[in-house]
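Novice: How does the following fold in three dimensions:
(2 chains)
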Amino acid sequence: MASLAHKDDLAVQHRDLSHHGKAAAAGGILLKRWSGAIAVLFAASIPSTLIVVAATVLFAHWQENPYAQSAIRGAVAAAVAITVKTVWTIVHPHFRRGNRLRVILIGAAAFALHMIVGLSPITVLLIAAISGFLLPEPQP
Amino acid sequence: MNVALLYLLLLKGTVTAFAGLASLPMIQDALVTHHHVLTNAQLNEAVVITRSTPGPVGLYVVSVGYFVAGLPGAVAGWLAMITPALLIIPLVHFVGRDVEHPKVKSVLQTIIVASAGLLLAAAIPLGRDGLTGPVTWGIALVSFVLLLTTKVDTLWIILGAALVSLSFSSLGLIQQL
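Specialist: Predicted structure coming up:
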């Protein structure tokens, strides 16, 4: 039986890491430890992976079809919007009163370090981790 | 490209990501900018595919894997997607309670917000590739407003965008796209 602490861990993990696979794996471990975690992870990821592979194969075949290409151009434009909107989806939970300037500065610094200074994403994330350790979030 | 190397490059993206598309800048940097085995157009298409199908957004790495190395690449993408989920199990077990520590929360928050800044940077070349005329710009702007202001599923937005684009093309305005 899962302990309350484990349930808390799952809640924190689900909220902060927000990844279906990770949550599924953690849910599985509550049920039957490693084997449960792996079974839940496979069950959660394999069907959708197969659908994505099938869709990708179709996409690759449609490269020669002019009608499909026209439709894909529109879909790709929407995908750009989805990518930009995801930026807000990621930032939104942290964009709280008293923390907004910090969030804007961190986001802008990461953007500038990558786009203007030319640092690799992994270096930017490492700098972010060090900054987060040295400059803690203001407590409400 | 060697499938093992592809797996490691994709894993570098997924293991440092805190949300589905947050791994995109890392994967774009590795596969588009440095190894030149993927194009921004294919990266955009991978996002279209995963947002049009059920399942987590992070599955776009499966499409990326397929575009780079066919079916073995798709398997590498799937493995790269599930590996962090397997790594998180001992992490949740041993350090899960420390996630509430202010220092740990601050580090996680800074990384998450920085990844958003990186994703915005990654969206610029994707936009440069995908938004080539007034029609595609219009589609992107309307899609963005719909995404921000409504709860319409992304599948319908992608389908609508595809239909609008197809209609313009059929009307002989393909050069406008």
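Novice: remind me which residues of chain B are low pLDDT?
Specialist: Scanning chain B for pLDDT under 70 picks out B:18-19, B:91-99, B:173-177.
Novice: Contacts only, for the one residue sitting closest to the centre of it.
Specialist: Nearest to the mean C-alpha position of chain B, by CA atoms, centre = their mean, lies residue B:21 at 3.9 Å. Shown in contact with residue B:21 (CB atoms under 8 Å, 6 or more residues apart in numbering or on different chains): A:83, A:86, B:47, B:57-58, B:60, B:119. Quick note: C-beta positions are derived from backbone N, CA and C, even for glycine.
Novice: and if you look at residue A:127?
Specialist: A:113, A:119, B:114.
Novice: can you give me the offset of the lengthiest helix in chain B from its chain's centre?
Specialist: Using DSSP state H, we find that the single longest helix of chain B is helix B:60-95. Offset of helix B:60-95 from its chain centre (CA atoms, centre = their mean, to the nearest Å): 13 Å.
Novice: Count the neighbours of residue 47 for me.
Specialist: I went with chain A, as the question did not name one. 12 (other CB atoms under 10 Å in any protein chain shown).
Novice: please go with chain B instead
Specialist: Using other CB under 10 Å, residue B:47 has 29 neighbouring residues.
Novice: which one of the contacts of residue A:127 has the most neighbours?
Specialist: Using other CB under 10 Å as the neighbour test, the contacts of residue A:127 are led by residue B:114, with 28 neighbours.
Novice: For it, give me its contacts.
Specialist: A:106-107, A:109-110, A:124-125, A:127-128.
Novice: Repeat that for residue A:83.
Specialist: With contact taken as CB under 8 Å, 6+ apart, residue A:83 is in contact with B:21, B:24, B:47, B:119, B:122-123, B:126.
Novice: remind me which residues of chain A are low pLDDT?
Specialist: A:1-33, A:138-140.
Novice: looking at it, which residue lies furthest from center?
Specialist: residue A:66 (33.2 Å).
Novice: Got phi/psi on that one?
Specialist: With angles defined as degrees, to the nearest 10, residue A:66 sits at phi -60, psi -30.
Novice: In contact with the closest residue to it other than its chain neighbours, which residues are there?
Specialist: In space, residue A:66 comes closest to residue B:169 once its chain neighbours are excluded; the distance is 7.9 Å by CB to CB, 6 or more residues apart in numbering or on different chains. Residue B:169 sits next to A:66-67, A:70, A:73, B:177 when contact means CB under 8 Å, 6+ apart.
Novice: For the residues you listed, pick the one with the most neighbours.
Specialist: So for the contacts of residue B:169 (other CB under 10 Å), the most neighbours sit at residue A:73, 26 neighbours.
Novice: Now the element after the helix or strand harbouring it, going C-ward?
Specialist: Using DSSP states H and E, residue A:73 maps to helix A:66-91. Following helix A:66-91 in sequence order, the next helix or strand is helix A:100-115 (DSSP H and E).
Novice: Show me what that following helix is packed against.
Specialist: Here helix A:100-115 touches helix A:121-134, helix B:102-130, going by 3 or more CB pairs under 8 Å, 6 or more residues apart in numbering or on different chains; DSSP states H and E.
Novice: Burial check on the closest residue in space to residue B:64 that isn't next to it in sequence, number of neighbours?
Specialist: Excluding its sequence neighbours, the residue lying closest to residue B:64 (CB to CB, 6+ apart) is residue B:46, at 5.0 Å. Residues lying near residue B:46 (other CB under 10 Å) number 27.
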